[in-house]
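Q: can you look at this prediction? I've put the sequence above it.
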Amino acid sequence: MTRSSRPSGALRTVLDRARRRPLGLLGTLGLLGAWAVSTACGHAVGDACAANVECSPLGDRICDTAQRGGYCTVEGCGATSCPNEAACIRFFPAQFLSVACDPRTEDAVDPKVKATNHCTPDEICLDSGRCAQRGLERRFCMLKCDADSDCRSGYECRRTGTGGAEVTFDADEGRPGEVRFCAQRP
């Protein structure tokens, strides 16, 4: 027996029907799946989570499980890369904040300001007035707030410039001043 290059009767019927229906069953299921993924936005920055996929099925947000109940965020953010409800906060471990410094005068280049040099070249003078090692900086998008009631249970509205938390800013636009964000209560 030789194999025919033409499909059998039953298969031929299925193929004919698929040709008449532009999408067919698999195409329809594929479109439904793509629609579900594109419309699933995940959780917002600051929401509780247990896994990264809960924060974003697209992989553009992570779940920081080191925070109580998890915290949807973006790691390694820049001054303008966070969603509108969030701000990019730079964190420096509080236990490694070294000597006191004055952020207004540390390494000042303005001839009208008497420059101070309390921080080493590998440190930055934080707004809180302490030197911190640049290499220990971590950046995360954090939910902005005005009061504790804007944050979920177990979290408080904390201001930058405390505990090693500093706002990230675009040098061209200047410092935005104090920013408040939802952080886990100590």
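A: Here it is on my side, so go on. Model, not experiment: these values are computed from the prediction. Numbers count the residues shown, from 1 in each chain.

Q: just the helices in the protein please.
A: In the chain, the helices defined using DSSP state H lie at 9-20, 24-39, 52-55.

Q: least confident of those helices, on average?
A: The minimum mean pLDDT among the helices of the chain belongs to helix 24-39 (a mean of 44).

Q: hey, which helix or strand in this structure has the poorest pLDDT?
A: Lowest by mean pLDDT, DSSP states H and E among the helices and strands of the chain is helix 24-39, with a mean of 44.

Q: quick one: low-confidence parts of the protein?
A: By pLDDT under 70, the weakly predicted segments of the chain are 1-42, 170-176.

Q: and the strands in it, which stretches?
A: Along the chain, counting by DSSP state E, strands occupy 62-63, 72-73, 86-91, 123-125, 131-133, 138-143, 155-159, 165-167, 180-184.

Q: just want the most central residue of the protein.
A: The centroid of the chain falls nearest to Val74 when counting by CA atoms, centre = their mean (1.2 Å).

Q: burial measure for the residue nearest to that one when sequence neighbours are not counted, as a count.
A: Distances taken as CB to CB, 6 or more residues apart in numbering place Cys141 nearest to Val74, at 4.1 Å, with adjacent residues excluded. C-beta coordinates here come from the backbone N, C-alpha and C atoms, glycine included. Residues within reach of Cys141, counting by other CB atoms under 10 Å, total 27.

Q: hang on, the earlier thing: ok, the residue nearest to the centre of the chain - contacts?
A: Val45, Asp60, Arg61, Ile62, Ser81, Cys82, Pro83, Ala86, Phe140, Cys141 (CB atoms under 8 Å, 6 or more residues apart in numbering).

Q: report the buried residues of stretch 119-131.
A: Judged by neighbour count (16 or more other CB atoms under 10 Å), stretch 119-131 contains these buried residues: Cys119, Glu123, Ile124, Cys125, Leu126, Asp127, Ser128, Gly129, Arg130, Cys131.

Q: which of those residues sits closest to Gln184?
A: If you rank the buried residues of stretch 119-131 by distance to Gln184 using CB to CB, Ser128 comes first, at 18.5 Å.
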